[in-house]
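> model the following, please.
(2 chains)
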There are 2 protein chains.
Amino acid sequence: MKHNFKYIPLALIAFFTACHNNQKMENAKQQSAQVFPKGKKISNGNFTGTVYLHPMIAADSINTVDVGNVTFEPGARSKWHLHPAGQILLATGGVGYYQEKGQAKIILRKGDSIKCPANVPHWHGASADTAFSQVAITGREKGPTVWLEAVTEDTYRGGSGK
Amino acid sequence: MKHNFKYIPLALIAFFTACHNNQKMENAKQQSAQVFPKGKKISNGNFTGTVYLHPMIAADSINTVDVGNVTFEPGARSKWHLHPAGQILLATGGVGYYQEKGQAKIILRKGDSIKCPANVPHWHGASADTAFSQVAITGREKGPTVWLEAVTEDTYRGGSGK
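Residues are numbered from 1 along each chain as shown, chains lettered A, B, ... in the order given. The predicted structure follows:
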């Protein structure tokens, strides 16, 4: 019986080693879950909370849109703003919010896409508990983004339409 | 000693259960690795091999680009073609190829982005061994895509510039 007893610690070591290695793989996968690079912290005053921008494609005389990856930490959001040539958002990870003036807040999840119509005030950002990543495709041929007031805590935490 | 011996099978069961559950989580994560829906098989003759399209955003009179998710199975690729208002590709998963006429083939991986200039013949697709997913952002205001000849096997398998 003594001979068999010594396998107990061996089995336990194997068990905890397997768990530890799987945890390391989980962490690596979560890190690689970000589709596009996070980029640099935005410091222009147009956002509430911590937001990162990785510019990907610049508009030019023929290609009229620019493309960037925006990552919002939980609770972070843009101010209200509008785009004279509209904007397209593609949700690539996490849980986010999008709201047009006078409409209910919409919840965005990985794989969702939304078209912000030209000149319609709106805001977008992360949900309160979960970060959010989105690709923003912004038409530049009709002038720059017009920034408006900050999104209040009441508006940010207001009910969603879905 | 008999009392301790009975924990060996328990420890082994715990070990194999943990492994099994982790394997299930791995599989679920791989399935969710696709950022945007795969959509439907393309059957228009403009591609070689099996390719899927999920349309996401349609162009309109103000928003001049359309956006779609394209998934190429290994070996699949577009024919040579050009866009009168250019195109932007965002690589979201796998390994793909992109080549402009007269240039070396470029390898695309998750997180890469590329601007195809207007009216420059090019092709794109999966690598020979690995599927490839990309978001295609295509300017529509200067006319439809012009489709050219198929990409030969020699060209497809030709050397890459990076």
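
> around the residue lying closest to residue A:85 once chain neighbours are set aside, count how many other residues there are.
Nearest residue to residue A:85, sequence neighbours excluded (CB to CB, 6 or more residues apart in numbering or on different chains): residue A:139, at 2.8 Å. Where you see a C-beta, it was placed from the backbone N, CA and C, and this is true even at glycine. Residue A:139 has 22 neighbours, counted by other CB atoms under 10 Å in any protein chain shown.

> go ahead and confirm residue A:139 touches residue B:61.
No: under the criterion of CB atoms under 8 Å, residue A:139 makes no contact with residue B:61, lying 11.8 Å away.

> now residue A:60: how far from residue B:98?
In this structure, residue A:60 and residue B:98 are 18 Å apart, going by CB to CB, to the nearest Å.

> and the closest residue to residue A:141 other than its chain neighbours, how many neighbours does it have?
Nearest non-adjacent residue to residue A:141, counting by CB to CB, 6+ apart: residue A:64, 4.2 Å away. When neighbours are defined as other CB under 10 Å, residue A:64 has 20 of them.

> residue A:64 and residue A:115: what is the separation?
The value you get for residue A:64 to residue A:115, if CB to CB is used, is 15 Å.

> for residue A:136, give me its contacts.
Residues near residue A:136 by CB atoms under 8 Å, 6 or more residues apart in numbering or on different chains: A:67, A:68, A:69, A:70, A:87, A:88, A:89.

> please redo it, this time with the cut-off set to 10 Å
By CB atoms under 10 Å, 6 or more residues apart in numbering or on different chains, residue A:136 lies in contact with A:53, A:56, A:65-70, A:78, A:83, A:87-90, A:116, A:124.

> if it is in a bridge, with which residues?
On the basis of DSSP bridges, residue A:136 is bridged to residue A:68, residue A:89.

> where's it relative to chain B, distance?
From residue A:136 across to chain B, the span is 12 Å (CB to the nearest CB, to the nearest Å).

> quick revisit: hmm, residue B:140 and the residue nearest to residue A:141 touching each other?
No: the pair residue A:64 / residue B:140 is not scored as a contact, 11.0 Å apart, by CB atoms under 10 Å.

> name the residues contacting each of these two.
Taking CB under 10 Å, 6+ apart as the criterion, residue A:64 and residue B:140 both touch B:63, B:64, B:65, B:85.

> so which of these comes closest to chain A?
residue B:63 (4.7 Å; CB to the nearest CB).

> tell me which helix or strand comes right after the helix or strand of chain A with the lowest mean pLDDT.
Lowest by mean pLDDT, DSSP states H and E among the helices and strands of chain A is helix A:7-32, with a mean of 53. Remark: after helix A:7-32, the chain's next helix or strand is strand A:40-41, criterion DSSP states H and E.

> list the strands paired with that next one, with their directions.
Applying DSSP bridges, strand A:40-41 is found paired with strand A:51-57 (antiparallel).

> list the buried residues of the strand it pairs with.
Buried residues in strand A:51-57, counted by 16 or more other CB atoms under 10 Å in any protein chain shown: A:51, A:52, A:53, A:54, A:56, A:57.

> list the contacts for the third one?
Same thing as residue A:53. Contacts for residue A:53 (CB under 10 Å, 6+ apart) come out as A:38, A:39, A:40, A:41, A:42, A:44, A:47, A:68, A:69, A:70, A:71, A:136.

> again, only using 8 Å
Applying CB under 8 Å, 6+ apart to residue A:53 gives the contacts A:39, A:40, A:42, A:68, A:69, A:70.

> for those residues, give me JSON lines that also has neighbour count, pLDDT and distance to residue B:120.
Shown next, in JSON lines, are the contacts of residue A:53 (neighbours: other CB atoms under 10 Å in any protein chain shown; pLDDT from 0 to 100; distance: CB to CB, whole Å):
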{"residue": "A:39", "neighbour count": "16", "pLDDT": "97", "distance to residue B:120": "28"}
{"residue": "A:40", "neighbour count": "10", "pLDDT": "97", "distance to residue B:120": "31"}
{"residue": "A:42", "neighbour count": "17", "pLDDT": "97", "distance to residue B:120": "33"}
{"residue": "A:68", "neighbour count": "18", "pLDDT": "97", "distance to residue B:120": "23"}
{"residue": "A:69", "neighbour count": "24", "pLDDT": "98", "distance to residue B:120": "25"}
{"residue": "A:70", "neighbour count": "27", "pLDDT": "98", "distance to residue B:120": "29"}
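
> understood, closing this out.
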